[in-house]
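Colleague: A predicted structure for the sequence below; I have some questions about it.
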Amino acid sequence: MPLPLTAREEDVQVISRRLDRIRGRIARACQRAGRGAEEITLVGVTKTHPVQLVAAAIAAGLHDLGENKAQELNAKAAGLPDDVCRWHMIGHLQRNKAKIVVRHAALFHALDSMRLAVSLERAAALMGRVLPCLLQVNVSRETSKFGVAPSAVPAMLEAVAQHEHLDIKGLMTLASPAADPEEVRPQFQQMRRLLESAPLSNMTVLSMGMSGDFEVAIEEGATHIRVGTAIFGPRNVDRKPQY
């Protein structure tokens, strides 16, 4: 595809090489699990990276992009041509930012409370769209993380299903940090069991796995993996994002 105006050829080449390596890892993980690589959606997490790198990733063939913060999602979506990518909102959302997600996100990964569901429902109704969502589950049970407890998943799903402008497509989780990805395999296994036993029969999406553990996540049933550092390089957390 033609390069967006903000993409640099050298950035496209670097990201293309990284994507090739990641797709090779995806293919090998799928082979071990008896799955097809086409079952996996690779979401490139652009958090803190400038729009020039985002444009380069699009030119390199990456069309699913994820943002952690609504403000960055809003700015980057506005800085790129329409219809060149699908935006995923993957981070915790404040209720007063619901309109941004409804306006830009193809899939919202982090629905974590009924209060947020009400805000999203209201914003989606006003904009006349149905917002595809994932219920975030705190499978690691860490107090620093958002998400509903695994035991609360069935009741939460049934409650959210009453909102006609929200469409629950599946579940999402952030596994515990681990030096060895095998340490979090039980958490991914639990997520798969939660999806299989969910009261909503149309749920097929399981968003789990990041740069350090996505192969194990794929082996345990992930359909969407969220990869940032392995595509875009380390984040510079000491500077404000440049859009």
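Modeller: Nice, thanks for sending it over.

Colleague: Model confidence score at the spatially most central residue of the chain, please.
Modeller: Nearest to the mean C-alpha position of the chain, by CA atoms, centre = their mean, lies I90 at 4.5 Å. In this model, I90 is scored at 97, pLDDT.

Colleague: Can you tell me how far it is from V84?
Modeller: Distance of I90 to V84, computed by CB to CB, to the nearest Å: 19 Å. Heads up, the C-betas are built off the backbone N, CA and C, glycines and all.

Colleague: List the backbone torsions phi and psi for the closest residue to R28 other than its chain neighbours.
Modeller: Excluding the flanking residues, the one nearest R28 by CB to CB, 6 or more residues apart in numbering is E215, at 7.5 Å. Here is the backbone geometry of E215 (degrees, to the nearest 10): phi -70, psi -40.

Colleague: what do you get for the one 3 residues further on?
Modeller: Dihedral pair for I218: phi -60, psi -40, per degrees, to the nearest 10.

Colleague: and it, how many neighbours?
Modeller: Using other CB atoms under 10 Å, I218 has 27 neighbouring residues.

Colleague: mind checking the longest helix of the protein?
Modeller: helix 9-33 (DSSP state H).

Colleague: If you count neighbours, what's buried in that helix?
Modeller: Buried residues in helix 9-33, counting neighbours by 16 or more other CB atoms under 10 Å, are found at 11-12, 14-15, 18-19, 22, 26, 29-30, 33.

Colleague: and if you look at stretch 152-165?
Modeller: Using 16+ other CB under 10 Å as the test for burial, stretch 152-165 gives 153, 156-157, 160, 163, 165.

Colleague: now swap in stretch 191-208 and tell me
Modeller: With burial defined by 16+ other CB under 10 Å, the residues of stretch 191-208 counted as buried are 191-192, 194-195, 198, 200, 203, 205-208.

Colleague: Please save the CA atoms from it in PDB.
Modeller: Output of stretch 191-208 as PDB, limited to C-alpha atoms (Å, rounded to 0.1, in the frame of the first residue of the first chain):
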ATOM      1  CA  MET A 191      -9.300 -17.800  30.700                       C
ATOM      2  CA  ARG A 192     -10.000 -20.400  28.100                       C
ATOM      3  CA  ARG A 193     -12.200 -22.300  30.500                       C
ATOM      4  CA  LEU A 194     -14.100 -19.100  31.400                       C
ATOM      5  CA  LEU A 195     -14.800 -18.400  27.700                       C
ATOM      6  CA  GLU A 196     -15.900 -22.000  27.000                       C
ATOM      7  CA  SER A 197     -18.300 -21.900  30.000                       C
ATOM      8  CA  ALA A 198     -19.600 -18.400  29.400                       C
ATOM      9  CA  PRO A 199     -23.400 -17.900  29.300                       C
ATOM     10  CA  LEU A 200     -23.200 -16.000  26.000                       C
ATOM     11  CA  SER A 201     -22.800 -18.500  23.200                       C
ATOM     12  CA  ASN A 202     -21.700 -16.000  20.600                       C
ATOM     13  CA  MET A 203     -18.400 -15.100  22.400                       C
ATOM     14  CA  THR A 204     -15.400 -16.200  20.400                       C
ATOM     15  CA  VAL A 205     -12.600 -13.700  21.200                       C
ATOM     16  CA  LEU A 206      -9.900 -14.300  23.800                       C
ATOM     17  CA  SER A 207      -7.500 -11.400  24.100                       C
ATOM     18  CA  MET A 208      -4.400 -12.400  26.000                       C
END
